[in-house]
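> Here is the input, now give the coordinates:
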Amino acid sequence: MFNSQNKPYPLMSLKSRALRALSQREYSRAELFKKLSAFESSEGELEGVLNELEAKGFLNEERHALSLARKRSEKHGVSRIRQEMKSKGVPQQIADKALEELQNTELERAKALWAKRFAELPQDSKMLQRQQRFMLYRGFSAETIRMVLKSAHAPSNAEHEL
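Just a heads-up that it's a prediction; the model follows:
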C-alpha cells in the first residue's frame, strides 16, 4: 500500500485498508483483524469496522471458507484444508460445512493427484513409502491412500474388453 512517492499511505482509514484487502481476496474475520490491528488508533475501532463490513456483506466467513476449500481442493485432502482453515481462524462449524462436499470427492481427487504425480505403481518399498508420504503430506487419509493404490493395482475394465 504505497502512494505515488513510494511511501506508505499514512492517512488511510481502517475501513479503507479493510476494503482494499478484501478487494484482493477473501479474508476471515480473524485474519483481517490480525492484518489491521497495527493500524488501529483507538481500542474497539477495528471491531466496529469489521462489524460494519460483515453487516454489509463484504466480510463473510462462509464465503471465505468455500473459496479456500475450492482453491485448495485440487492439490490437497480434507485434513490439510481443515488445518489451514483452523490456522486462518475459520470457525469449526463453518469449516465443516465447507468441507462436506469435498469429503464425497476425496477418493477421486486423490486418484487424480496420484496419477498426475506418479502414474505408475511403486516397484519397491522405498517408492511405495515415497508415494504414501507425498499423499499424506497433501492431507489425504491413510485409508484413502490405500484405496488409491489398490485401485491402481486392479486392471481397468478396458483392458479386460481387449
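
> Only C-alpha atoms from now on, for both contacts and neighbour counts.
Will do.

> care to break the protein down by domain?
Using automatic domain parsing, the domain parsing of the chain gives 14-59, 60-104, 105-154.

> Show me how far the second one is from its chain's centre.
Meaning domain 60-104. 6 Å (C-alpha atoms, centre = their mean, to the nearest Å).

> repeat for the last one
Averaging C-alpha coordinates over domain 105-154 and over its chain gives two centres that are 20 Å apart (C-alpha atoms, centre = their mean).

> what about that domain, average pLDDT?
Domain 105-154 comes out with an average pLDDT of 91.

> ok, back up a step: let's have the domains of the chain in CSV, adding mean neighbour count.
Below are these laid out as CSV (neighbours: other C-alpha atoms under 10 Å):
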stretch, mean neighbour count
domain 14-59, 15
domain 60-104, 17
domain 105-154, 15
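
> where do the helices sit along this structure?
Using DSSP state H, the helices of the chain run over 14-24, 29-36, 45-56, 61-72, 78-87, 92-104, 106-117, 125-137, 142-153, 157-161.

> quick one, the fifth one and helix 106-117 angle?
I take that to be helix 78-87. Counting by axes from the mean of the first three to the mean of the last three C-alpha atoms, to 10 degrees, helix 78-87 lies at 100 degrees to helix 106-117.

> what packs against helix 78-87?
Applying 3 or more C-alpha pairs under 8 Å, 6 or more residues apart in numbering; DSSP states H and E, one finds that helix 78-87 makes contact with helix 61-72, helix 92-104.

> Identify the residues contacting stretch 36-51?
Residues outside stretch 36-51 that contact it (C-alpha atoms under 8 Å, 6 or more residues apart in numbering): L14, K15, R17, A18, R29, F33, L59.

> The fifth one against L59, yeah?
Yes - between R29 and L59 there is a contact at 7.1 Å, judged by C-alpha atoms under 8 Å.

> Dump the helices and strands packed on helix 78-87 to a markdown table, plus distance to E45.
Below are the helices and strands packed on helix 78-87 laid out as a markdown table (distance: least, C-alpha to C-alpha, whole Å):
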| stretch | distance to E45 |
| --- | --- |
| helix 61-72 | 20 |
| helix 92-104 | 26 |
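
> Nearest to L149, out of the ones you listed?
Closest to L149 of those, according to C-alpha to C-alpha: helix 92-104, at 18.3 Å.

> From the contact counts, what lies against that closest one?
In terms of contacts (3+ C-alpha pairs under 8 Å, 6+ apart), helix 92-104 is packed against helix 61-72, helix 78-87.
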